[in-house]
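S.K.: let me see the structure of the following:
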Amino acid sequence: MGKGEDFQKIFPASSDIFKRFNLISCDLPGHGHTPWGKHLSLSDVAEDIIRLFQSLPNATCVIGYSMGGRVLFEALSKKSSFCDWAVILSANPGLQTDQQILERQKKDRELINPETLS
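M.R.: Model prediction:
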């Protein structure tokens with residue numbers, strides 16, 4: 001999760017991983033080819049991810065990178081059983097002060113939906 005193209009470099013189409021696993025690469029709203037959604041929140045995107053992966057018939061491992069990792073944290077906090085394994089990469093904002101945290105939250109909201117900012 002994040003920007004689907006990020007994972008094409010990690011798992012090229014010729015990779016042996018496709019012989020053993022089905023890979024689904026999705027773009028989060030505002031990332032890659034997915035348009036902005038009106039009134040989306042991090043929670044809304046997490047619910048969509050839960051629904052997507054619960055609909056799959058086989059065991060799943062979800063990989064979240066950057067914003068995708070933050071969405072995955074949110075999804076796991078809502079329903080930890082929606083996937084069998086989770087890998088979260090580069091999702092820790094690494095922020096030290098309350099001001100830094102507030103600024104990052106604002107930027108995250110802008111990435112999810114810039115129209116809802118006041």
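S.K.: just want the most central residue of this protein.
M.R.: Nearest to the mean C-alpha position of the chain, by C-alpha atoms, centre = their mean, lies residue 68 at 2.4 Å.
S.K.: can I take it that residue 75 is in a strand?
M.R.: No - under DSSP: H, G, I helix; E, B strand; the rest coil, residue 75 sits outside any strand and is assigned helix.
S.K.: go ahead and confirm it touches residue 46.
M.R.: Yes - using C-beta atoms under 8 Å, residue 75 makes contact with residue 46 at a distance of 4.0 Å. C-betas here are computed from N, CA, C, even on glycine.
S.K.: distance of the residue nearest to the centre of the chain relative to residue 57?
M.R.: As judged by C-beta to C-beta, to the nearest Å, residue 68 and residue 57 stand 23 Å apart.
S.K.: quick revisit: between residue 75 and residue 46, who's got more neighbours?
M.R.: Higher neighbour count among residue 75 and residue 46: residue 75, with 27 against 22, using other C-beta atoms under 10 Å.
S.K.: if we can go back for a sec, helices and strands around the host helix or strand of the residue nearest to the centre of the chain, which ones?
M.R.: Counting by DSSP states H and E, the element that carries residue 68 is helix 67-78. Other helices and strands packing on helix 67-78, by 3 or more C-beta pairs under 8 Å, 6 or more residues apart in numbering; DSSP states H and E, are helix 42-54, strand 61-65, strand 85-89, helix 98-112.
S.K.: out of the ones you listed, nearest to residue 19?
M.R.: Between residue 19 and the helices and strands packed on helix 67-78, the tightest spacing by C-beta to C-beta is seen for strand 61-65, at 16.1 Å.
S.K.: contacts for the closest one?
M.R.: 1-2, 6-7, 49, 53, 70-73, 75, 83-91 (C-beta atoms under 8 Å, 6 or more residues apart in numbering).
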